[in-house]
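[1] One predicted model, sequence on top.
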Amino acid sequence: MTESIALLTIFVLAAFVGVEVISKVSATLHTPLMSGANAIHGVILVGAIIVTGQAESTLVVVVGLLAVVLATVNMVGGFVVTDRMLEMFRGPGGRKKELNK
Amino acid sequence: MIATWAQIGYLVAAVCFIVALKGLSSPKTARTGNALGAAGAVLAVVITFIAYKPDNLVAILIALLIGTVGGVVGSRRVQMTHMPQLVALFNGVGGGAAALVALMELGEVHDGETVAAIATAFTILVGAISFSGSIVTFAKLQELMTTRPVTFPGLPVLFVAGLLGGVAVSAWLVSEPRVWVGVLLCLLGLAVGVMLVLPVGGADVPIVISLLNAFTGLTVAAGGYVLGNTLLLVAGTLVGAAGTLLTKLMADAMGRSVFNILFGAVRGGSTLGGGTASERPVISGSAEDVAILLGYAQRVIIVPGYGLAVAQAQHTLRDLVEELQGRGVKVDYAIHPVAGRMPGHMNVLLAEAQVPYEQLREMDEINGDFKSTDVVLVVGANDVVNPAARTTPSAPIYGMPILNADEAQRVIFLKRSMRPGFAGIENELLYDPRTTLLFGDARESLAKLLASVKTV
């Protein structure tokens, strides 16, 4: 039971942190922030690896591997796409690159 | 129980995620923040491999490789204009992965572990909703299906029935943690997800993506509870909480409540736009006419929209603005918070064309200037200047703050056709005697305008 309470405590505290860290976000960054948060929940990959690594029946392994692929796409794609968006926000230096093309 | 060092490593990864989210909320630190988040993710995966020593290692690594290649190729290839649907897709697969993990864990849940069983049921149901809902959002944004709200008479009843059924089957699953009950719950979740998103109109879809993103976060948190993994718990909860707040901020920017966005169409049916144009006369002009208006103006405001980005006309627009500025015209871009297909999307698209920041003005900042503006040039935008948001309570965009383009001396619309915008409603401003329409592809029209302005 103590462990359940500890997990519950972590849950509640994390919820407050989540609200607190983005409370002052500017509208300009809504899209990259959404995409970045999206990438972070791709950490379900950790769960997918653990479960697949313990699986015994072939069916469960197959489902687990599917979960690994999906979670990886979510995580890797999420971070890369966010980076691409943020890359656009560079200052005047970005102009040079375009002129050189 | 895994080793202490691994637990501490997970803690470090969790801190990375918190700092990453914090960094993403300010333009200066956003890119570093995102990189830190990615580093945290890599750390978490490496720790998992070492601490859990998973069986089927080679297969898992291959799956990891396939996912990485898929994610990188998908996100490198996509055009900036298609960014929102890609985010929706990534969110969907994340929700799907969470549901699958919970399904597999069902075999491990034993009678009497009530809280774990509840968390498992929650992950399956909400993960499935997030998956199918995101796929429908993707289809809408990709225009694989209509972007207008889709409803049918029995939808509200069916939706509520699906939801109640989901709760009932969840309860069943808690008392009897069998895999086939989990599969049934999963199917119900998929159906509910589809019914949740179908009635949402195109312009509101991004807010639903954000909401589903928060859902996926919560399923990951619940998954973390089931697995007793604190990292999943913290990361999922962070995203769930931050996503919920972000959803509310976005809805506020549109002057709507989240409830109204989700269920507006189901409740009233009034939010269905006509989707067609009426036969009333409009004034259309040639590029030369419009060039004269622009060339002799003292103050011009540009209202860029999604149509601009689709036509890849940002660079030509920037050249036109530079030409006008060279002639002494004061020019600004007016950016509506929901211009583009997602809040902040237009800033990304204009940044891609290296439009200087200083010229991008937020709605609140520039709205007072329209009265003293000679010409407003609306390029590929429609809904964000539609006065119906102020005057027509039945319009789907009613209550959304708009750019006051109708207060300017003259309005020029660059449009492909008279087809209504994303929200599917007519724009009265198009029929105003002060409005001139220049029909055609935005890129061609702007190129012609640029050439004509040079000769004025």
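    Happy to help now that I have it.

[2] how about stretch B:174-189: buried residues?
    Across stretch B:174-189, burial judged by 16 or more other Cβ atoms under 10 Å in any protein chain shown covers B:174, B:177, B:181-182, B:184-186, B:188-189. Glycine gets a C-beta too; all of them are placed from N, C-alpha and C.

[3] With respect to per-residue confidence, which of these is lowest?
    Looking at the buried residues of stretch B:174-189 by pLDDT, the weakest one is residue B:177, with 86.

[4] right, and the secondary structure at it would be what?
    Taken by DSSP: H, G, I helix; E, B strand; the rest coil, the conformation at residue B:177 corresponds to coil.

[5] can you map out the helices along chain A?
    A:2-21, A:30-40, A:44-54, A:58-72, A:78-87, A:93-100 (DSSP state H).

[6] Would you mind finding the most buried of those?
    helix A:30-40 (a mean of 30; mean count of other Cβ atoms under 10 Å in any protein chain shown).

[7] Residue 79: what's it in contact with?
    Just going to use chain A. A:36, A:39, B:34, B:37-38, B:41 (Cβ atoms under 8 Å, 6 or more residues apart in numbering or on different chains).

[8] run the last query once more with 10 Å
    By Cβ atoms under 10 Å, 6 or more residues apart in numbering or on different chains, the contact set of residue A:79 is A:35-36, A:38-40, A:42, B:20, B:34-35, B:37-39, B:41-42, B:71-72, B:75, B:90.

[9] one step back: now render the buried residues of stretch B:174-189 as a markdown table, adding secondary structure and distance to chain A.
    As requested, those are exported to a markdown table (DSSP: H, G, I helix; E, B strand; the rest coil; distance: Cβ to the nearest Cβ, whole Å):
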| residue | secondary structure | distance to chain A |
| --- | --- | --- |
| B:174 | helix | 15 |
| B:177 | coil | 15 |
| B:181 | helix | 16 |
| B:182 | helix | 11 |
| B:184 | helix | 16 |
| B:185 | helix | 15 |
| B:186 | helix | 11 |
| B:188 | helix | 18 |
| B:189 | helix | 15 |
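
[10] now the helices of chain A in CSV, with mean pLDDT?
    Formatted as CSV, the helices of chain A follow (pLDDT from 0 to 100):
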stretch, mean pLDDT
helix A:2-21, 90
helix A:30-40, 92
helix A:44-54, 95
helix A:58-72, 95
helix A:78-87, 91
helix A:93-100, 41
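
[11] contacting residues for residue 8?
    No chain was given, so I picked chain A. Residue A:8 neighbours (Cβ under 10 Å, 6+ apart): B:115, B:225, B:233.

[12] Chain B was what I was after
    Residue B:8 touches residue B:47, counting by Cβ under 10 Å, 6+ apart.

[13] got the angle for whichever strand or helix holds it vs helix A:78-87?
    Taking DSSP states H and E as the definition, residue B:8 sits inside helix B:4-24. Orientation of helix B:4-24 against helix A:78-87 (axes from the mean of the first three to the mean of the last three Cα atoms, to 10 degrees) gives an angle of 30 degrees.

[14] residues of helix B:4-24 that come out buried?
    Going by 16+ other Cβ under 10 Å, helix B:4-24 has these buried residues: B:6, B:9-10, B:13-14, B:16-24.

[15] can you check stretch B:360-378 too?
    Under the neighbour-count criterion of 16+ other Cβ under 10 Å, stretch B:360-378 has B:360, B:363, B:366-367, B:369-370, B:373-378 buried.

[16] Now do the same for it: mean pLDDT, whole number.
    Stretch B:360-378 comes out at a mean pLDDT of 91.

[17] Helix, strand, or coil at residue B:303?
    Reduced to three states by three-state DSSP, residue B:303 is strand.

[18] and it, what are its bridge partners?
    Under DSSP bridges, the beta-bridge partners of residue B:303 are residue B:378.

[19] unless I'm mixing things up, it is touching residue B:386, no?
    No - taking contacts as Cβ atoms under 10 Å, residue B:303 lies outside contact range of residue B:386: 11.3 Å.

[20] which neighbours do those two share?
    In contact with both residue B:303 and residue B:386: B:402-403, B:405, using Cβ under 10 Å, 6+ apart.

[21] can you list those residues in TSV and add pLDDT?
    Formatted as TSV, these follow (pLDDT from 0 to 100):
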residue	pLDDT
B:402	89
B:403	92
B:405	91
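
[22] wait, which of those is closest to chain A?
    residue B:403 (13.9 Å; Cβ to the nearest Cβ).

[23] which ones are touching the closest one?
    B:301, B:303, B:334-336, B:339, B:363, B:366-367, B:370, B:376, B:378, B:381, B:384-386, B:389.

[24] again, 6 Å this time
    Contacts for residue B:403 (Cβ atoms under 6 Å, 6 or more residues apart in numbering or on different chains) come out as B:303, B:334, B:336, B:363, B:384-385.

[25] do the same with residue A:31
    By Cβ under 6 Å, 6+ apart, the neighbours of residue A:31 are B:342, B:344-345.

[26] Closest one to residue B:67 out of these, please.
    Using Cβ to Cβ, the shortest approach to residue B:67 within the contacts of residue A:31 belongs to residue B:342, at 24.4 Å.

[27] Burial check on the closest one, number of neighbours?
    27 (other Cβ atoms under 10 Å in any protein chain shown).

[28] That's all I had, so thanks and see you.
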